[in-house]
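Colleague: Provide a 3D model corresponding to the input given below.
(one chain, ligands or ions: 1)
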Amino acid sequence: MSLSRRFSFFQSLTFRLTLGLVILSALSSLVIVSVIYFILRTNMSQRVDQMLAAEAREISVLYETRGIKALRADLNREVMPGEASEVFSRLETADGGEVAVSDPNSWRGLVPDPELLHHLPGGRIVFETLHPSGHHRRIVRLGYLKMPDGSVVQVGKRLGDEEVILDEYREFSSWVIAIVLVLAFLGGWLMIRRALAGVEEVTLAADRIRQGDFSRRVPLHGRGDEIDRLAESFNTMVERVQTLMTELKEVTGDIAHDLKSPITRMRGLAESILLSSKPAPEPSELAEEVMEESDRMLGIINTILEIAKTEAGVAPVSKAEVDMAEVAGAAGDLFQSVADDKGVQLEVSIPREPMIIQGNTAQLQRVVANLLDNAIKYSSPGGRVLLALSLTPSDIMISIADTGSGIRPEDIPRIFERFYRGDPSRSQPGSGLGLALARALVKAHGGEIGVESAPGKGSTFTVRLPRADSPA
Ligand code: ADP
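Modeller: Numbers count the residues shown, from 1 in each chain. Modelled structure (predicted):
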């Protein structure tokens with residue numbers, strides 16, 4: 001069973017993110033709905049209180065200016081017979097006796113808090129909300145205003161419409177919250193599932209790779225989003241791992257292949273000493289031969305490893321500004337005696353200006369040395385080798401031309417491969433690794449290497465390296 005299948009639905013990120021979104025939506029819609037409810041309620045009760053205050057002040061003015069009789073007449077007039085008024089009022093004396101009342105029916109069963117009435121401040125209206133328990137269950141808001149003579153103006157209003165509106169609002173809010181939750185769940189689920197589908201693809205690919213299928217890649221959707229970037233990085237990583245694995249296989253195969261010959265030679269040597277009737281060679285001669293073969297083997301192993309590390313780009317290499325004119329000049333000096341010994345004329349043409357590249361001196365020296373070594377090695381006595389440097393606006397060009405044996409057209413595509421040796425070259429010493437190493441090192445410096453050659457006429461190897469001081 002694949003890893004992804006083992007996760008339960010409730011553990012999945014899709015579920016948890018959706019749940020988070022639903023909770024967040026629920027909380028935010030609850031907060032919004034509650035704030036609106038609070039504002040609505042405050043607003044309504046303020047309006048009721050203002051209405052009651054206005055009524056109470058009107059009554060107090062009437063009582064004070066025109067007396068109790070006028071007030072009684074006025075309050076009686078306010079109610080149409082058989083109809084409950086919206087605001088009802090009365091005037092009570094300090095000891096609780098009713099002096100004037102506008103709508104006795106509405107006052108029935110309403111008992112204001114005696115404590116509150118007793119401690120009323122003068123000139124300021126105090127409000128009270130009563131929840132009557134009698135047949136008339138509607139909530140009543142009452143306002144009390146104490147008069148200078150100690151009597152109290154009382155005004156009241158049944159909160160009917162306000163409660164209905166708030167009730168309706170509460171019901172409406174519950175529906176809104178329910179719809180928001182359903183939408184948040186469905187929308188969130190779809191969006192999050194779509195967004196995370198890419199992650200699932202990466203997981204599946206990783207799963208397949210775990211089982212050994214390195215050819216697997218995550219498809220890119222070209223959206224350039226985070227998931228695409230994850231898939232891209234993942235694919236690059238798999239590509240790199242695949243290259244390293246292939247390199248490792250090749251290097252292992254190469255080492256096994258090329259170490260066979262020196263070991264076979266050493267074994268042959270020992271066998272011939274054991275089996276031959278001739279007297280055994282001197283131990284010092286033997287040791288010399290074994291050392292030579294061992295050095296050859298070590299050289300091959302080191303070069304193979306260096307090529308592999310350079311191609312894989314895993315070896316940390318210190319880079320600095322290198323003057324290629326100096327590197328080439330030193331290599332020319334070094335190989336002058338080798339060329340002289342072979343009767344080959346070595347010419348060096350380096351312009352006077354500095355030719356700076358960002359690189360590793362030792363590695364660049366090896367590139368030039370390998371190419372010069374080949375040029376001299378594959379030239380006959382009397383031949384010519386020319387090492388020339390030139391500049392282009394962006395690059396430094398190194399050319400190593402010889403008048404030697406040349407390379408057959410069918411060999412040209414293969415000479416940069418590891419261990420490839422042209423047939424006519426077998427008579428010369430060599431392992432077939434020099435050009436492979438040169439190419440790996442040039443590539444690691446961001447350059448290119450190429451060759452033009454014709455059998456019998458000679459070869460010209462050209463290396464292009466990007467200038468560090470490019471004016472471009
Ligand atoms: P090696 O020289 O050890 O054989 P290289 O990798 O340096 O290995 O070169 C690979 C092959 O390319 C050589 O075997 C030879 O056939 C061919 N080659 C390289 N340089 C030259 C040259 N300057 N002239 C002719 N052939 C060459």
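Colleague: I'd like the next helix or strand past the helix or strand of the chain with the lowest mean pLDDT.
Modeller: Least confident helix or strand of the chain, by mean pLDDT, DSSP states H and E, is helix 3-6 with a mean of 50. Using DSSP states H and E, the helix or strand that follows helix 3-6 in sequence is helix 13-78.
Colleague: per-residue confidence averaged over that following helix?
Modeller: For helix 13-78, mean pLDDT is 90.
Colleague: immediately after that helix, which helix or strand?
Modeller: strand 87-92.
Colleague: Can you list the strands that that next one pairs with?
Modeller: strand 98-101 (antiparallel), strand 152-158 (antiparallel) (DSSP bridges).
Colleague: Alpha carbons only: can I get the longest one in CSV?
Modeller: Right, strand 152-158. The C-alpha coordinates for strand 152-158 follow below in CSV (Å, rounded to 0.1, in the frame of the first residue of the first chain):
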residue,chain,number,x,y,z
VAL,A,152,-43.2,60.9,40.1
VAL,A,153,-44.1,61.0,36.4
GLN,A,154,-44.1,57.5,35.1
VAL,A,155,-44.2,56.6,31.4
GLY,A,156,-44.1,53.2,29.8
LYS,A,157,-44.0,51.4,26.5
ARG,A,158,-44.5,47.8,25.6
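Colleague: The next helix or strand after it packs against which elements?
Modeller: Remark: after strand 152-158, the chain's next helix or strand is helix 161-210, criterion DSSP H and E. Applying 3 or more CB pairs under 8 Å, 6 or more residues apart in numbering; DSSP states H and E, one finds that helix 161-210 contacts helix 3-6, helix 13-78, helix 226-275. Just so you know, the C-beta spots here come from the backbone N, C-alpha and C atoms, and that holds for glycine as well.
Colleague: Of the strands paired with strand 87-92, which stretch is the most buried?
Modeller: strand 152-158 (a mean of 23; mean count of other CB atoms under 10 Å).
Colleague: List the contacts of the residue lying farthest from the centre of the chain.
Modeller: The C-alpha centroid of the chain is most remote from Lys69, which lies 85.6 Å away (CA atoms, centre = their mean). Lys69 makes contact with no residue, according to CB atoms under 8 Å, 6 or more residues apart in numbering.
Colleague: now do the one 5 residues further on
Modeller: When contacts are counted by CB under 8 Å, 6+ apart, Asp74 touches Leu62.
Colleague: next one: Glu353
Modeller: Glu353 touches 325, 391, counting by CB under 8 Å, 6+ apart.
Colleague: switch to 10 Å and redo it
Modeller: 323, 325, 389, 391 (CB atoms under 10 Å, 6 or more residues apart in numbering).
Colleague: Which phi and psi values does it adopt?
Modeller: The phi and psi torsions at Glu353 (degrees, to the nearest 10) take the values phi -70, psi 150.
Colleague: Then the one 3 residues further on?
Modeller: For Ile356, the backbone dihedrals are phi -90, psi 130 (criterion: degrees, to the nearest 10).
Colleague: Verify the stated contact: it with Ala468.
Modeller: Yes: using CB atoms under 10 Å, Ile356 is in contact with Ala468, at 4.7 Å.
Colleague: what do the two both touch?
Modeller: 321-323, 396.
Colleague: before we move on, the earlier item: just send the contacts of Glu353 back as TSV, with pLDDT and secondary structure too.
Modeller: Output for the contacts of Glu353, formatted as TSV (pLDDT from 0 to 100; DSSP: H, G, I helix; E, B strand; the rest coil):
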residue	pLDDT	secondary structure
Asp323	94	strand
Ala325	94	helix
Leu389	96	strand
Leu391	92	strand
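Colleague: show me which of those residues neighbour the ligand.
Modeller: Among the contacts of Glu353, not one lies near the ligand by CB under 6 Å from any ligand atom.
Colleague: For those, pick the one with the most neighbours.
Modeller: Most neighbours among those, by other CB atoms under 10 Å: Leu389, with 21 neighbours.
Colleague: What sits closest to it if chain neighbours are left out?
Modeller: Ile350 (4.8 Å; CB to CB, 6 or more residues apart in numbering).
Colleague: ok, of the shared contacts of Ile356 and Ala468, which one's closest to the ligand?
Modeller: Relative to the ligand, the closest of the shared contacts of Ile356 and Ala468 is Ile396; by CB to the nearest ligand atom it sits at 20.5 Å.
Colleague: could you give me the average pLDDT of the helix or strand harbouring the closest one?
Modeller: For Ile396, the host element (DSSP H and E) is strand 395-402. Averaged over strand 395-402, pLDDT sits at 96.
Colleague: Now do it: which elements does it pack against?
Modeller: helix 324-342, strand 345-349, strand 356-359, helix 361-377, strand 384-391, strand 448-454, strand 458-466 (3 or more CB pairs under 10 Å, 6 or more residues apart in numbering; DSSP states H and E).
Colleague: Out of these, which is closest to Asp113?
Modeller: strand 356-359 (92.0 Å; CB to CB).
Colleague: Could I get the buried residue list for the closest one?
Modeller: By neighbour count with 16 or more other CB atoms under 10 Å, strand 356-359 contains the buried residues 356-357, 359.
Colleague: Val451 - how many residues pack around it?
Modeller: When neighbours are counted by other CB under 10 Å, Val451 comes out with 15.
Colleague: Surely it touches Gly422?
Modeller: No: checked against CB under 10 Å, the pair Val451 and Gly422 is beyond contact range at 11.7 Å.
Colleague: Give the intersection of the neighbour lists for the two.
Modeller: Residues touching both Val451 and Gly422 (CB under 10 Å, 6+ apart): 407, 412, 415.
Colleague: Give me the buried subset of those residues.
Modeller: For those, a burial check counting by 16+ other CB under 10 Å picks out 407, 412, 415.
Colleague: Can you tell me which of those residues comes closest to the ligand?
Modeller: For those, the nearest to the ligand is Ile415 (3.6 Å; CB to the nearest ligand atom).
Colleague: ok, the closest one touching Ser453?
Modeller: Yes: using CB under 10 Å, Ile415 is in contact with Ser453, at 9.0 Å.
Colleague: Any chance you could list residues touching both of these two?
Modeller: Residues within reach of Ile415 and of Ser453 at once, by CB under 10 Å, 6+ apart, are 407-408, 459, 461.
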